[in-house]
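**Q** Curious how this folds, go ahead:
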Amino acid sequence: MTRRRTKLLAILGPGILVAATGVGAGDLATGALAGSMLREALLWAVLAVLLGAGLKWLVNEGLARWQLATGTTLLEGCVLHLGRPVQWLFLGYLLVWSFFVGAALMGACGVTAHALCPIGEASTDKAVYGLAHSTLAVLLVRLGGYRLFGRVMGVCIAVMFVTVVATAVAVAPSWQEVTAGLGARRVPDLHGEGLAWIVALMGGVGGTVTVLCYGYWIREEGRTGAEDLAVCRIDLAVGYAMTAVFGVAMVIIGREITVTRGGATLIVDLADQLQRALGPAARWAFLAGAWGAIFSSLLGVWQSVPYLFADFWNLMRDPGRAPGTRNPDTRSLPYRGYLLGLAVIPAAGLLWTRFQDAQKWYAIVGALFIPMLAAVLLALNGRSALVGRRYRNSPLVTVALAAAVDFFVLLVWFKVHKLILNSEP
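**A** Got it, this is the predicted structure:
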């Protein structure tokens, strides 16, 4: 029984890590706000979450298919087949993304921890708790390696999933109200706020740059050949199913408990309203679940993103090296240096930038990544000479990836329109 359970965890591990890393304060806020805005069209919001999870599964499956069919990471494939300028463009993007995501995640951890255990002023606690969470993540990554990282993530995921879903069940409307949301009179306004929130829900499910990290995690689990593709598809399906359930739960909570503000502040306001509706235990449980979601996202980024920089560094130092099937060494200077920089440099944004501003730029920079990734998968996985006829994109996958590019470009437009020009929703 123990061996069977261990084998199951090895199969599902990387997909669940992707799910946990991809869900942060922004996803919590988007789900809750969308639930409030689409109150009378709940089922449309649920369908948007499910479709968004499906699109992210499609992109991540393409990444895994490339790596398992060729033995190279997607970053290696881009450099080898799309030219070295891609490498430098990616480095610039990674540095900018790392700064904003680091500041946003530390700030979100700080705000949530202050709500759970206030010590002083909210602004001071945000900085102190944010830096403490960052330090803890570095220690876990450096001292425990991949296995301890996986165990800690598993605990955070369990807390996140159980408490948030249980809260949604406690406040959930009747099935009659839910199914009424598909009525003709309940269709979202597709010329204004309704379409914007549907698009935000579809794009808010899962991660951005962290999608690339799945390739390094499956190598940690010993998946290096095309024969492992079926396992990866199951693994990713379970991970994105969990993400979808979590997103639906937040939509339901947002529908039943009115929210008006975004970011981690929304999480605290939501917890306070849950206390009035369900009692003090509901507040503490929801905050614990939110903390699990945000800290698991921070820990996942701290552990996995340095892989990307170390891979880039190896390609820069030895551009003619043969593609390998081993991850960059986590004890190497590039990996350790980027981990330390990720944990320290964004603190400037945490200390001197408003939390809302960090979240805003994190959302914009992150939204740019998925359409670029889908376009790369169209180019690389569409060539039999690179992946073989068996593993190249099918006509259906090609159409779906092209649609994903179009959709995420639309998402970028909405995010820029909303966040830079300060238009609603």
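
**Q** Residue 392: what secondary structure?
**A** coil (DSSP: H, G, I helix; E, B strand; the rest coil).

**Q** Where does the prediction get shaky in the stretch 301-425 of the chain?
**A** Residues of the stretch 301-425 of the chain that meet the criterion pLDDT under 70 lie in 319-325, 349-367, 411-425.

**Q** would you list every one of the helices in it?
**A** If DSSP state H, counting those that start in this stretch is used as the criterion, the helices of the stretch 301-425 of the chain fall at 333-344, 347-352, 355-367, 369-380, 384-387, 395-419.

**Q** Please apply the same query to the stretch 151-300 of the chain.
**A** Here the stretch 151-300 of the chain has its helices, by DSSP H, counting those that start in this stretch, at 175-180, 193-204, 214-220, 229-256, 263-278, 280-317.

**Q** Export the ones you listed to TSV and append columns for distance to residue 160 and mean neighbour count.
**A** For glycine as for every other residue, the C-beta is placed from the backbone atoms N, C-alpha and C. Putting these into TSV (distance: least, C-beta to C-beta, whole Å; neighbours: other C-beta atoms under 10 Å) gives the following:
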stretch	distance to residue 160	mean neighbour count
helix 175-180	23	12
helix 193-204	16	22
helix 214-220	18	24
helix 229-256	7	23
helix 263-278	12	20
helix 280-317	4	23
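
**Q** okay, these in CSV with distance to residue 119 next?
**A** Compiled in CSV, these are given as follows (distance: least, C-beta to C-beta, whole Å):
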stretch, distance to residue 119
helix 175-180, 41
helix 193-204, 31
helix 214-220, 35
helix 229-256, 28
helix 263-278, 15
helix 280-317, 15
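
**Q** Which among those is found nearest to residue 29?
**A** Closest to residue 29 of the helices of the stretch 151-300 of the chain, according to C-beta to C-beta: helix 263-278, at 4.8 Å.

**Q** Show me where the stretch 51-200 of the chain dips below the pLDDT cut-off.
**A** In the prediction, the stretch 51-200 of the chain carries residues with pLDDT under 70 at positions 173-200.

**Q** Now do the strands in it.
**A** Ranges of strands within the stretch 51-200 of the chain: none, based on DSSP state E, counting those that start in this stretch.

**Q** Distance of the residue nearest to residue 49 when sequence neighbours are not counted relative to residue 103?
**A** Counting by C-beta to C-beta, 6 or more residues apart in numbering, the nearest residue to residue 49 once its immediate chain neighbours are dropped is residue 247, at 4.1 Å. Summarising the geometry, the distance separating residue 247 from residue 103, computed by C-beta to C-beta, to the nearest Å, is 24 Å.

**Q** cool, and residue 43?
**A** When distances are taken as C-beta to C-beta, residue 43 and residue 103 turn out to be 36 Å apart.

**Q** Counting neighbours, go ahead and name the busier of those two.
**A** Between residue 43 and residue 103, counting by other C-beta atoms under 10 Å, residue 103 is the more crowded of the two (26 against 17).
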